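>>> test case, fold it:
(one chain, ligands or ions: 1)
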Amino acid sequence: TLLKRRRRQGAKVPPGPKGWPFLGSAPELAAVDTNGIINIFKTWAQKYGSITQFSVMGEKQVILTEDKDARELFIKRGAKYSDRGAPHAVEYISMKQNPGFRARDDGWRRQRSMMQSAINITSINKYQSLMDDEATFTLNVLLQSPGSFHEEFLRYSYSVLTTSLLGFSVRAPTDPFIQHNETFTAEIMNVFRPDYFPSNVFPLLRKLPMWSLPSLATLERLRKQYVGEMWAFRSKIEKIVKEGSASECIYKQFLLNRDEYSVSDEESVHTFQAMIDGGTRSPHNNLLTFLYLMMEYPEWQKKLQKEVDGVAGKDRMPSYKDIPNLPTLRAVVKETVRYRSIVAEMGIGHCLQQDDIYKGYFFEKGTVFNALFSSILTDKDTYPDGQLFNPARWLVPSYPTYKEPLTTYPNCQGFPAFGYGRRACPGTDFAERTLVIMFAKLAWTLNIGWPTDEDGCEVRETLQYEPVPAPRPLRFGCKFTARDEGRTRIVQRAAVGLNLL
Ligand code: HEM
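Predicted coordinates for the structure are as follows:
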């Protein structure tokens with residue numbers, strides 16, 4: 001009632017496109033892919049301002065383009081702004097049990113606390129020597145077959161996660177675990193698309209029998225497969241834990257100390273699946289984006305190599321123990337994540353749980369708020385020349401984003417690219433560590449350059465991304481050359497002595 005009174009006292013409707021009667025902006029959004037949606041949001045924000053509201057079939061959505069508004073709403077007022085408004089098809093196949101997309105209910109709280117204990121910094125510290133070994137293995141493969149970087153980075157992203165989380169490694173990109181997950185995830189990613197699943201924007205379709213519409217029948221097939229596979233996986237791990245043959249890993253610890261976790265069995269299988277889905281794709285994307293940026297900005301590649309050489313010298317590879325002494329490396333990681341987020345990341349909407357008034361605007365319960373990374377992470381006051389890849393913004397005191405001491409900063413904690421408040425990415429530290437270790441070893445061992453044609457001329461390409469949420473860079477060419485024979489031998493020798501799972 002207070003809000004109703006305030007509304008009468010003059011709280012305004014936020015500006016935004018009117019759209020069609022009843023349909024709102026549904027037809028416009030249903031006709032495009034993720035990149036198209038990001039562009040439409042940007043255009044609206046330019047026209048209507050930093051807080052733009054639109055509706056889709058009566059459901060309200062808001063676009064936020066300023067960090068301070070996202071912080072105020074998602075962090076300070078986080079008690080109201082931490083629900084999810086996942087598209088219908090996403091909720092359907094995950095049966096409202098995926099911690100990334102489910103509502104902010106008690107189940108989500110149980111899952112969130114499970115994730116926090118699984119991949120907190122102490123847990124990561126325990127597994128980081130495994131990450132280090134995985135990175136050495138990857139380098140050795142790249143030295144032998146430099147053209148395989150796309151696949152090898154994918155394998156690395158999977159293997160760092162499977163070793164620590166699930167207790168097994170994947171030694172080849174052709175491993176059935178990767179192949180199967182990739183094919184399936186590609187199909188699952190489409191579940192976000194209104195052009196594939198119109199029930200995401202047209203609520204009436206949700207009421208139809210599943211068999212009556214091909215897109216609904218597809219949904220039902222995917223749901224059965226998704227859920228079936230999670231349980232099959234759980235049984236497999238349970239069996240080897242019981243037999244005593246399971247390697248040390250987070251899943252094993254979870255099963256052995258089951259009583260310490262409040263999640264239901266169903267919630268736990270969804271939680272592990274969410275960590276695998278969320279944890280493999282984004283680091284892979286950033287590894288590929290890093291290669292592109294090292295070709296595009298060779299001066300930063302040189303600075304990175306200089307720093308890594310200065311700390312590790314020529315006679316040993318850098319390791320995770322060097323991280324506090326490598327601020328340029330951490331700046332390159334953070335800037336790579338920023339760069340990729342501004343061009344390709346859509347994030348996940350936060351849904352409002354109670355009516356609210358902010359900056360004189362009235363927002364209705366159920367409104368979905370989208371923080372637009374391409375604007376937030378290029379804000380001209382915080383990120384001068386924000387479209388450029390410039391790690392100096394994290395290293396030089398004259399930049400607004402600079403922070404000391406450089407043994408700790410820059411790091412990715414609290415970085416908007418990983419979201420805000422209660423829903424912020426629980427895998428931030430894990431992802432940062434995965435990237436830092438691999439970038440350090442790459443810079444120490446290899447030069448990264450554009451491929452050349454028969455005449456020795458560089459073949460440059462522009463970076464393009466797939467049209468799905470959390471999109472990957474489309475394939476591009478890249479030439480690795482060993483920096484010197486001594487380093488190559490050190491990597492080869494280290495790779496022979498690795499004791500991988
Ligand atoms: C560079 C790598 C990564 C980036 C850029 C990234 C980014 C994000 C973003 C933007 C969100 C939404 C936050 C919000 O709603 O405010 C998110 C959520 C999430 N991420 Fe990540 N992420 C990365 C890596 C990972 C890893 C390695 C894992 C797991 C091991 C992971 C698991 C999750 C999960 C489970 C959620 C949902 C959290 C919730 O709704 O409560 N992510 N991530």
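>>> ok, which residues in the stretch 251-400 of the chain are in contact with the ligand?
Taking Cβ under 6 Å from any ligand atom as the contact definition, the stretch 251-400 of the chain meets the ligand at 274-275, 278-279, 282-283, 286, 337, 347-348, 350. (C-beta placed from N, C-alpha, C; glycine too.)
>>> got a winner among these for most neighbours?
If you count neighbours using other Cβ atoms under 10 Å, the busiest of those is His350, which has 29 neighbours.
>>> if I read this right, it contacts Ala79, doesn't it?
No. Between His350 and Ala79 there is no contact under Cβ atoms under 8 Å: 11.9 Å.
>>> any low-confidence regions in the stretch 301-450 of the chain?
Within the stretch 301-450 of the chain, no range satisfies pLDDT under 70.
>>> again with the stretch 151-300 of the chain
Using pLDDT under 70, the flagged stretches of the stretch 151-300 of the chain are 194-195, 201.
>>> which parts of the stretch 101-250 of the chain sit against the ligand?
112, 119.
>>> okay, and whichever residue of the stretch 1-150 of the chain sits closest to the ligand sits in which element?
Nearest to the ligand, among the residues of the stretch 1-150 of the chain, is Gly100, at 3.4 Å (Cβ to the nearest ligand atom). Using DSSP states H and E, Gly100 falls within no helix or strand.
>>> which SS class is the closest residue to it other than its chain neighbours?
Of all residues not flanking Gly100 in the chain, Ala274 sits nearest, at 5.1 Å (Cβ to Cβ, 6 or more residues apart in numbering). Following DSSP: H, G, I helix; E, B strand; the rest coil, Ala274 is assigned to helix.
>>> do Ile448 as well
Under three-state DSSP, Ile448 comes out as strand.
>>> which of the residues of the stretch 251-400 of the chain next to the ligand fall in helices?
274-275, 278-279, 282-283, 286, 337 (DSSP state H).
>>> which two in those residues are spaced the farthest apart?
Ala274 and Val337 (19.8 Å; Cβ to Cβ).
>>> quick one: pLDDT of the residue of the stretch 1-150 of the chain closest to the ligand?
At Gly100, the model reports a pLDDT of 91.
>>> ok, Thr185 to Thr162 distance?
Taking Cβ to Cβ, to the nearest Å as the measure, Thr185 falls 14 Å from Thr162.
>>> correction: Gly19
45 Å.
>>> pick out whichever of these two has more residues nearby.
Thr162 (24 against 17).
>>> my guess is the more buried one contacts Val170, does it?
Yes. Applying Cβ under 8 Å, one finds Thr162 in contact with Val170, separated by 5.8 Å.
>>> what sits in contact with each of those two?
Phe177 (Cβ atoms under 8 Å, 6 or more residues apart in numbering).
>>> give the buried residues for stretch 65-75.
65-67, 69-74 (16 or more other Cβ atoms under 10 Å).
>>> could I get the full set of strands for the stretch 351-500 of the chain?
For the stretch 351-500 of the chain, the strands defined by DSSP state E, counting those that start in this stretch occupy 356-358, 361-363, 368-371, 446-449, 479-482.
>>> with the stretch 201-350 of the chain instead?
350-351.
>>> turn the buried residues of stretch 65-75 into a markdown table, including distance to the ligand and pLDDT.
What follows is those, written out as a markdown table (distance: Cβ to the nearest ligand atom, whole Å; pLDDT from 0 to 100):
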| residue | distance to the ligand | pLDDT |
| --- | --- | --- |
| Thr65 | 15 | 96 |
| Glu66 | 15 | 96 |
| Asp67 | 12 | 96 |
| Asp69 | 14 | 98 |
| Ala70 | 9 | 97 |
| Arg71 | 11 | 97 |
| Glu72 | 14 | 98 |
| Leu73 | 11 | 98 |
| Phe74 | 6 | 98 |
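>>> just these: which are in helices?
Per DSSP H, those map to helices at 67, 69-70.
>>> nearest to Val436 among the residues you listed?
Asp67 (24.1 Å).
>>> quick check: that closest one vs Pro391, distance?
Relative to Pro391, and taking Cβ to Cβ, Asp67 is found at 19 Å.
>>> what residues sit buried inside stretch 308-322?
Buried residues in stretch 308-322 (16+ other Cβ under 10 Å): 308, 311-312, 317-320, 322.
>>> same check on stretch 440-454?
440-448, 450.
>>> most centrally placed residue in this protein?
Per Cα atoms, centre = their mean, the C-alpha nearest to the average position across the chain is that of Ser282, at 3.9 Å.
>>> if I look at Pro410, how far off is Asp322?
For Pro410, the distance to Asp322 - Cβ to Cβ - is 16 Å.
>>> same thing with Tyr127?
18 Å.
>>> same check on Thr138?
Taken as Cβ to Cβ, the span from Thr138 to Asp322 is 18 Å.
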